[in-house]
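> sharing a sequence plus its predicted fold:
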Amino acid sequence: MSSLTVTALTKAFGSTPVLTGVDLHVPAGGLTALLGPSGCGKTTLLRLVAGFDDPDSGSVTLGDRLVAGAGRGVPARSRGIGFVPQEGGLFPHLTVAGNVTFGLARQRRRDRGLVRELLDLVGLDVDLADRSPHQLSGGQQQRVALARALAPEPSIVLLDEPFSSLDAGLREDTRQAVGAALAAAGATALLVTHDQAEALSMADQVAVLRGGRLVQLSDPRTLYQRPADLDVAAFVGESVVLAGDVRDGRAESVLGSLAVTGAVPAGPARILVRPEQLRLVAPAGRGPRGRVRALDYYGHDSRAHLELPGGQTVTARLEGADLPSVGQEVGIEVVGAAVAFPVAGGAADVAGPAGAAGPVDAEPTRRRPAEAIS
Ligand SMILES: Nc1ncnc2c1ncn2[C@@H]1O[C@H](COP(=O)(O)OP(=O)(O)OP(=O)(O)O)[C@@H](O)[C@H]1O
């Protein structure tokens with residue numbers, strides 16, 4: 001398995017730039033998720049790495065082998081890349097064993113021990129070897145596709161939204177099986193996804209792409225806890241964004257004086273905390289408080305939508321069965337540090353992640369209308 005290095009990669013279709021100066025290093029044996037909204041260029045980047053398309057400029061290197069750029073273009077079939085497409089792309093006329101060994105030399109295709117080994121690697125029973133793809137579930141088909149990609153021992157495996165067609169339960173199981181198989185094979189992998197939970201749970205590092213540019217490359221925890229900006233913050237989880245004023249490592253906000261992560265210049269800032277950092281307590285003195293406007297109950301946890309004194313609504317994620325009632329006034333504590341984004345020009349108005357003016361709610365489109373306050 002090789003590392004992958006992409007340097008200053010640029011691609012346009014006609015006059016429309018799709019990738020602009022993308023630099024990315026995927027270490028050997030690691031799984032990197034390429035995360036971004038629809039149309040940001042994820043698949044295009046994967047196709048340039050695979051050799052299905054040529055970049056306009058920049059380079060692609062596998063290990064120390066330049067495969068694209070500087071006038072060089074190694075054909076896709078000679079790059080030693082395994083590819084797992086969105087819906088498996090299994091050959092319908094071949095059995096599972098035929099699919100898994102498709103890319104191997106004729107002699108190795110009859111090696112039943114190898115088929116067993118590969119199916120075992122992806123968590124499938126060897127009894128499935130003689131079935132046709134249509135006799136498998138979607139999740140099983142994706143595992144066979146991975147076994148097929150791993151069979152020739154490629155330098156890197158590229159996975160293009162491999163779980164997107166699976167329903168929720170199957171998706172989780174298949175993710176775990178695929179992650180375990182890639183780790184057991186010691187594979188270098190680049191996984192395209194627009195699902196932040198998938199990226200955060202599976203990857204060693206996450207590359208966030210926006211508008212054809214790489215905006216952050218971090219391990220999952222850093223990405224969630226120290227996002228590069230509020231757009232990235234909103235893309236990888238729910239956000240509570242407050243107006244604040246930073247002094248000496250603390251931010252004064254409607255939720256009190258909050259410790260701020262990292263060195264932030266003094267002055268007005270937008271302050272990010274996550275809903276699970278908000279803890280509801282009995283209202284006390286002049287401490288931060290809000291009124292519960294709505295509750296979403298999920299069983300394992302709940303979400304409370306809280307209206308703050310200035311009219312802004314924020315979301316708190318609550319564990320346990322001891323829940324407030326709608327209409328109740330509650331005290332609010334913030335646990336852990338906040339992240340501050342200095343406001344250029346001075347005004348600390350809270351603008352939404354997409355730049356909208358006015359108070360921000362973490363998930364405005366999913367919030368229910370406020371329930372009646374008793
Ligand atoms: N062959 C092509 N010709 C013209 N435009 C293209 C071509 N391929 C992709 N595009 C455009 O490039 C942009 C990026 O597409 P791409 O498929 O890389 O995005 P993506 O992030 O993978 O999106 P999705 O998550 O929806 O698959 C889109 O606007 C798309 O319409």
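Cool, the structure landed.

> past the helix or strand of the chain with the lowest mean pLDDT, which element shows up next along the chain?
The helix or strand of the chain with the poorest confidence is helix 106-109; it has a mean of 74 (mean pLDDT, DSSP states H and E). Under the assignment DSSP states H and E, the closest C-terminal helix or strand after helix 106-109 is helix 112-121.

> quick one: that next one to chain centroid distance?
Distance of helix 112-121 from its chain centroid, counting by Cα atoms, centre = their mean, to the nearest Å, is 31 Å.

> what sits closest to Ala294 if chain neighbours are left out?
Closest residue to Ala294 apart from its sequence neighbours, by Cβ to Cβ, 6 or more residues apart in numbering: His305 at 4.3 Å. C-beta coordinates here come from the backbone N, C-alpha and C atoms, glycine included.

> tell me which element the one you found falls in.
For His305, the enclosing helix or strand under DSSP H and E is strand 301-307.

> low-confidence ranges, the stretch 251-374 of the chain, go.
Applying pLDDT under 70 to the stretch 251-374 of the chain flags residues 345-374.

> mind listing the strands for it?
Listed in chain order, the strands found in the stretch 251-374 of the chain under DSSP state E, counting those that start in this stretch are 256-259, 267-273, 278-281, 289-297, 301-307, 313-319, 329-334, 339-342.

> how close does Leu114 sit to Val126?
Going from Leu114 to Val126 by Cβ to Cβ, to the nearest Å gives 11 Å.

> what's the helix or strand for the nearest residue in space to Pro133 that is not next to it in sequence?
The shortest distance from Pro133 to any non-neighbouring residue, by Cβ to Cβ, 6+ apart, is to Leu90 (4.1 Å). For Leu90, there is no host helix or strand (DSSP H and E).

> how many neighbouring residues does Leu90 have?
Other residues near Leu90 come to 23 when the count uses other Cβ atoms under 10 Å.

> didn't it look like it was pressed against Ser132?
No - with contact defined as Cβ atoms under 8 Å, Leu90 and Ser132 do not form a contacting pair (9.0 Å).

> identify all contacting residues around stretch 43-53.
Judged by Cβ atoms under 8 Å, 6 or more residues apart in numbering, the contacts made with stretch 43-53 from elsewhere in the structure are 4, 6, 9, 11, 18-19, 22, 24, 34, 54-55, 60, 67-68, 73-76, 79, 81, 83, 156, 158, 160, 190, 192, 209.

> restrict those residues to contacts with the ligand.
For the ligand, the contacts drawn from the contacts of stretch 43-53 by Cβ under 6 Å from any ligand atom are Val18.

> so which of the contacts of stretch 43-53 sit within strands?
Among the contacts of stretch 43-53, the members falling in strands are 4, 6, 9, 11, 18-19, 22, 24, 34, 60, 67-68, 73, 81, 83, 156, 158, 160, 190, 192, 209 (criterion: DSSP state E).

> give the buried subset of those residues as a PyMOL selection command.
A single PyMOL command is used to select the members of the ones in strands among the contacts of stretch 43-53 judged buried by 16 or more other Cβ atoms under 10 Å:
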select buried, resi 4+6+9+11+18+19+22+24+34+60+67+68+81+83+156+158+160+190+192+209
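
> list the buried residues for stretch 286-293?
By 16+ other Cβ under 10 Å, the buried positions in stretch 286-293 come out as 288-293.

> that stretch: how far from the chain's middle?
33 Å.

> tell me which parts of this structure are close to the ligand?
13, 18, 36, 38-44, 194.

> try it again with 8 Å
13-14, 16, 18-19, 36-47, 53, 160-161, 192, 194, 209, 212 (Cβ under 8 Å from any ligand atom).

> from the buried residues of stretch 286-293, pick the one nearest Val273.
Within the buried residues of stretch 286-293, distances to Val273 taken as Cβ to Cβ reach their minimum at Pro288, with 11.8 Å.

> report how many residues lie close to the residue lying closest to Pro265 once chain neighbours are set aside.
Closest residue to Pro265 apart from its sequence neighbours, by Cβ to Cβ, 6+ apart: Pro342 at 5.6 Å. Around Pro342 there are 15 other residues, counting by other Cβ under 10 Å.

> nothing else from me, thank you.
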